[in-house]
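Colleague: Sequence first, then the predicted structure, then my questions.
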Amino acid sequence: MELTDWELVQKCQAGEMSAFQELVSRYHQKVYTVILGLLGNREDALDVAQETFFRAFRKIRTFQGGSSFYTWLYRIAVNLSIDAQRRQKRNPLDFRETMDGVLEAQNEFANDPLADAQNKELGTMLLRAINDLTPEHKAVIVLRTIEGLSYKDIGQILGCSEGTVMSRLHYARKKLQDKLSPFL
């Protein structure tokens, strides 16, 4: 019988390292995916994911179970991602370099050079539009669209109400739509 997250957390709090390893194996891919969606760079996402689990390990004794473990963990990941994104704004990435990795697989299967160029341009514009969002708007887009989390869970992760989540999501989508309207 598989242990619940709460049971694993309690074992971690009692000093069982193997319980934390199990939590890492359960959530590493999901945490990495969220962070990658927020940062858009694999290396930075790996660094922030590692920092997320390091911070969770250091703070596991403070977790009291008021929310689910994954909500608590995602909150750490999103907060660290927002901090990293703010640092990125000061030192922006080369969008072309980032998009090449994202679109490479898609373009391998395309036969039409015009379609290749249009897809690459749309992908570049989408990445720019997402990166131009505030960290809070970017977080709700990633958590809702990529991770499929509920408004309630997103609110818990970001420390705001469901209404605020819906509002941020609405404005984030509107901003993306405005920026991408020439391509749609």
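Modeller: In hand now; what should we look at? The structure presented is a predicted model; accordingly, all values stated were derived computationally and were not measured. Numbering: from 1, shown residues only.
Colleague: buried set for stretch 172-184?
Modeller: Using 16 or more other Cβ atoms under 10 Å as the test for burial, stretch 172-184 gives 172, 175-176, 179. All C-beta spots, glycine's among them, are computed from the backbone N, C-alpha and C.
Colleague: Number of residues surrounding residue 15?
Modeller: If you count neighbours by other Cβ atoms under 10 Å, residue 15 ends up with 9.
Colleague: give the contact list for it.
Modeller: By Cβ atoms under 8 Å, 6 or more residues apart in numbering, the contact set of residue 15 is empty.
Colleague: any idea of the pLDDT on it?
Modeller: What the model reports as pLDDT for residue 15 is 90.
Colleague: how many other residues sit next to the closest residue to residue 156 other than its chain neighbours?
Modeller: Leaving aside its sequence neighbours, residue 156 sits nearest to residue 71 (Cβ to Cβ, 6 or more residues apart in numbering; 4.6 Å). Using other Cβ under 10 Å, residue 71 has 16 neighbouring residues.
Colleague: ok, now residue 5?
Modeller: Residue 5 has 18 neighbouring residues, counting by other Cβ under 10 Å.
Colleague: Torsion angles phi and psi at it?
Modeller: Per-residue torsions, residue 5: phi -60, psi -40 (degrees, to the nearest 10).
Colleague: Pull up the gap between it and residue 72, please.
Modeller: Residue 5 sits at a distance of 10 Å from residue 72 (criterion: Cβ to Cβ, to the nearest Å).
Colleague: Then residue 8?
Modeller: 13 Å.
Colleague: Spatially central residue in this structure, please.
Modeller: In the chain, the residue lying closest to the centroid (Cα atoms, centre = their mean) is residue 34, at 2.2 Å.
Colleague: now for the helix or strand hosting that one, which elements pack on it?
Modeller: According to DSSP states H and E, residue 34 maps onto helix 17-39. For helix 17-39, the packing partners by 3 or more Cβ pairs under 8 Å, 6 or more residues apart in numbering; DSSP states H and E come out as helix 5-13, helix 42-59, helix 69-90, helix 135-141.
Colleague: Relative to the whole chain's centre, how far out is it?
Modeller: How far helix 17-39 lies from its chain's middle: 11 Å, per Cα atoms, centre = their mean, to the nearest Å.
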